[in-house]
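Asker: I'll drop the sequence and a predicted model, then ask my questions.
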Amino acid sequence: MSEQAKSNLSQKIFTVLKRLATVAISAVLVIAVILVWPLITQSGPAKYANIDDHFKYASIGGEPTSGIPYWIWKVLPTMFPDKLPGEGYSSLGFIQEPDQDLPIGFAKSSYLGLDVVTQNCATCHVGSVRTTPDSIPQIISTMPSNTVDLEGYIKFVSEVPLEPQFSAREMMPAIEAMGAQLNPLEKLIYRYIAIPRTRDALIAQASKFTFLERESAYGPGRVDTFTPYKALRFNFPVDQLDDSELNGISDFPSIWQQGPREGMQLHWDGNNTSVDERNNSAALALVTPTNINFDAIYRIKDWLWELSAPAYPYAVDETLASTGQTLFQNSCASCHAFNGPDVGKVVPLEEIGTDPARLNSYTYELASNQYTLGRNRSRALILSQKRPIDCSEEVSVWIKPFSFMLNAKLSKGLPSPIKSNRAEI
């Protein structure tokens, strides 16, 4: 074969190989786009037309900071049953409706292409009643979550990442055994990113909840509001908190009929007069000022504004009810009926005689940090008020939380607790 023929043959082979390489690379790119495109485009919370479903299952934000990848969250009770008092998350008092994937109070969203689980308002504000221990519970939205052991849940997700089984080698087979149909790219993300990062994030979060060892047990339907706030939102050194700041544990409240409460001293201790500010500050137990979903929060707020209290679910003895009504009007209504002269007002602790622990937990340092939330975030404040944006407007803070409590404390000197709320609002 002549040199010219050899050269032509080599050129043809090179051309064929170049075309094959181009086809191979194109095929790889097409496959990559097919796998990656859903990760890029499928992002956002699940939507619910029914307002009650929205309240129980929709996200209020928090996916970037507190979202747990869906399949990791689902497999934890299966892999670590010894860390729970019974079977699954229901053993912690979370209500599982038969036609729903997640318990009430948990939301499923897509974030950066992966489904993640967050918590919402219903974690603390959906409860149940039953006639006998064996009766099917009747679920009532906006009542206190009387069965939820929130401390138990916190301890569960704090303990499991310390176990050696919390690894891709152990978790991936368990996830697949649950029926997860992950594509090859999702498997790689779970194995090399989601599982290691979730483990690290839960361990870091657990380090902020060490104060639980120094507190009384919450029990079902109760929570310490301010200490987790200090740890999660402001990175307070919880191991250095004074014992007097701990045990500010209180019941979850009912949240129906919010409209008449505007202007009252809200929460158990009368720490705010704005329903909007109260809602935003309460949401920050689960989200941050940068990822709160205002649309979701305000849809709930509008629903609650005129939502009546649920009807009593059992038969009423009219004779006893008439006697009880007279007793209520004479002994209770002044503080516990909307037309009562003292409802929604704050009275001195020495008069009401209630537990001062929650107020002790609300310190000047916490108030000072809360006043920095969303500094110069005028857009966030304006969006929260649902009005047009004026770019020339300057707003120093996103919310002014607990201003009444702070002013009350400053007027008397710190750190003495001097006020407590008299009415259940």
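Answerer: Ah, there it is.
Asker: For burial, what's the neighbour tally of Lys83?
Answerer: The number of residues packed near Lys83 is 16, by other CB atoms under 10 Å. The way it works is simple: take the backbone N, C-alpha and C, and place the C-beta from them, glycine included.
Asker: Now do the contacts for it.
Answerer: Residues counted as contacts of Lys83 (CB atoms under 8 Å, 6 or more residues apart in numbering) are Phe156, Glu159, Val160.
Asker: Keep only those of those that are in helices.
Answerer: Applying DSSP state H to the contacts of Lys83, the entries found in helices are Phe156, Glu159.
Asker: Of the contacts of Lys83, keep whichever come out buried.
Answerer: Among these, those buried by neighbour count (16 or more other CB atoms under 10 Å) are Phe156, Val160.
Asker: can you pull out the strands in the stretch 151-300 of the chain?
Answerer: Under the criterion DSSP state E, counting those that start in this stretch, the stretch 151-300 of the chain contains strands at 222-224, 249-251.
Asker: Give me the phi and psi for Ile140.
Answerer: Torsion angles at Ile140 (phi, psi; degrees, to the nearest 10) stand at phi -130, psi 110.
Asker: just checking, it touches Ala311?
Answerer: No: using CB atoms under 8 Å, Ile140 is not in contact with Ala311; the gap is 9.9 Å.
Asker: Compare neighbour counts for those two and give me the winner.
Answerer: Taking other CB under 10 Å, Ile140 and Ala311 do not tie; Ile140 has more neighbours (19 against 8).
Asker: Could you pull up phi and psi at the nearest residue to Pro228 once chain neighbours are set aside?
Answerer: Among residues not flanking Pro228 along the chain, Ala285 sits closest, at 6.7 Å (CB to CB, 6 or more residues apart in numbering). When read as degrees, to the nearest 10, the backbone of Ala285 gives phi -70, psi -20.
Asker: ok so, going back, now pLDDT and distance to Tyr298 too, for the contacts of Lys83, in CSV please.
Answerer: Formatted as CSV, these follow (pLDDT from 0 to 100; distance: CB to CB, whole Å):
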residue, pLDDT, distance to Tyr298
Phe156, 98, 32
Glu159, 97, 36
Val160, 98, 35
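Asker: residue boundaries of the helices in the stretch 51-200 of the chain?
Answerer: Applying DSSP state H, counting those that start in this stretch to the stretch 51-200 of the chain gives helices spanning 51-57, 63-66, 70-79, 122-125, 150-159, 168-177, 184-189, 195-207.
Asker: from memory Met172 sits against Tyr192, does it?
Answerer: No: with contact defined as CB under 8 Å, Met172 does not reach Tyr192; the gap is 10.6 Å.
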